[in-house]
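*Asks:* Please find the sequence and the predicted model below.
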Amino acid sequence: MQQQNLTVISQHETESLGKRLAQSLQAGQVISLVGDLGAGKTTFVRAIAVGLGVAENLVSSPTFMLIQEYPGDLTLFHFDTYRVANLAEFLDLGAEEYFYADGVCLIEWGDRVK
């Protein structure tokens, strides 16, 4: 597993990075997004989604739904694990099935379900 930490300092940089990253994503990849409330995790997911051909207005924080699916050039599975207590609860959602689906997984608060 390759881990890379990146820092951006503005919403514009966040959006630009997300759109660029979208062009290199492949099915089966899982990206964990970690940061404080308001750090821009959902903004980053929205930018990736736009880069994958998803309409920007469709992407929202899935805090109460936990998992959202956005079809685009590559299906995007968007998780928000802020309210998930532990790894077992995350797996009980059927999350692992998404890892093997034909899409890419973005997990907000991924450090909660390492």
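*Replies:* Happy to help now that I have it.

*Asks:* contacting residues for residue 78?
*Replies:* Listed by C-beta atoms under 8 Å, 6 or more residues apart in numbering, the contact partners of residue 78 are 45, 49, 59, 62, 67-70, 106, 108. (Glycine included, C-beta is placed from N, CA and C.)

*Asks:* please redo it, this time with the cut-off set to 10 Å
*Replies:* Contacts of residue 78 were listed using C-beta atoms under 10 Å, 6 or more residues apart in numbering, and they are 33, 42, 45-46, 48-49, 54, 59-62, 65-70, 98, 104-108.

*Asks:* which of those residues are buried?
*Replies:* The neighbour-count criterion (16 or more other C-beta atoms under 10 Å) marks 33, 42, 45-46, 48-49, 54, 59, 61-62, 66-68, 70, 98, 104-108 among the contacts of residue 78 as buried.

*Asks:* Okay, now the unreliable bits of this protein?
*Replies:* Under the criterion of pLDDT under 70, the regions of the chain flagged as low confidence span 1-4, 62-63.

*Asks:* For burial, what's the neighbour tally of residue 87?
*Replies:* Here the number of neighbours of residue 87 (other C-beta atoms under 10 Å) works out to 13.

*Asks:* Please apply the same query to residue 44.
*Replies:* Burial measure for residue 44: 24 neighbouring residues, criterion other C-beta under 10 Å.

*Asks:* List every C-alpha atom in the strand or helix carrying it, with coordinates, as CSV.
*Replies:* Residue 44 is part of helix 41-51, with elements assigned from DSSP states H and E. Extracted C-alpha coordinates of helix 41-51, given in CSV (Å, rounded to 0.1, in the frame of the first residue of the first chain):
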residue,chain,number,x,y,z
LYS,A,41,-12.5,16.6,2.3
THR,A,42,-15.9,16.9,0.6
THR,A,43,-14.6,19.7,-1.6
PHE,A,44,-11.8,17.4,-2.7
VAL,A,45,-14.3,14.5,-3.4
ARG,A,46,-16.5,16.9,-5.4
ALA,A,47,-13.5,17.9,-7.5
ILE,A,48,-12.5,14.3,-8.2
ALA,A,49,-16.2,13.6,-9.1
VAL,A,50,-16.2,16.4,-11.6
GLY,A,51,-13.0,15.2,-13.0
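
*Asks:* Off-centre distance for it?
*Replies:* When C-alpha coordinates are averaged (C-alpha atoms, centre = their mean, to the nearest Å), helix 41-51 and its chain have centres 8 Å apart.
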